[in-house]
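Engineer: Here is my input; please provide its structure:
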Amino acid sequence: MAVGDLQKTVGRNLRAYRLERGLSQEAFADQLGVHRTYMGGVERGERNLTLKSLEKMAEQIGVEARELLEVEAPTSAPGKS
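Structural biologist: Next up, the predicted model:
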């Protein structure tokens, strides 16, 4: 995995889960207490997250932190078929 690939994977997965839940980037950022532009950077893989931030985002979106690290993009929310 190249440098930055993990950041892009986390961002892509976070965006997919956010959209599945019908949340705008701004609404999700508000829930987390961060600015929308910061969330945009996270979703584009431009921000380097701490483990604490990763856990907080995963908890807020309703997934395990490890699910944000999975290389395969999520196809459905947990518990959905």
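Engineer: CA only for contacts and neighbour counts going forward, please
Structural biologist: OK.
Engineer: Show me what the lengthiest helix in the chain is packed against.
Structural biologist: Longest helix in the chain, counting residues (DSSP state H): helix 5-20. Helix 5-20 is packed against helix 36-43, helix 51-61, helix 65-69, with contacts defined by 3 or more Cα pairs under 8 Å, 6 or more residues apart in numbering; DSSP states H and E.
Engineer: Can you identify the element that follows that helix toward the C-terminus?
Structural biologist: helix 25-32 (DSSP states H and E).
Engineer: Return the list of helices and strands in contact with that following helix.
Structural biologist: Looks like helix 25-32 contacts helix 36-43, helix 51-61 (3+ Cα pairs under 8 Å, 6+ apart).
Engineer: pull the CA atoms of that helix into PDB?
Structural biologist: This file holds the C-alpha atoms of helix 25-32, laid out as PDB (Å, rounded to 0.1, in the frame of the first residue of the first chain):
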ATOM      1  CA  GLN A  25     -21.000  16.400   4.800                       C
ATOM      2  CA  GLU A  26     -22.000  19.500   6.800                       C
ATOM      3  CA  ALA A  27     -24.500  17.700   9.000                       C
ATOM      4  CA  PHE A  28     -21.900  15.000   9.800                       C
ATOM      5  CA  ALA A  29     -19.200  17.500  10.500                       C
ATOM      6  CA  ASP A  30     -21.600  19.300  12.900                       C
ATOM      7  CA  GLN A  31     -22.300  16.100  14.800                       C
ATOM      8  CA  LEU A  32     -18.500  15.600  15.200                       C
END
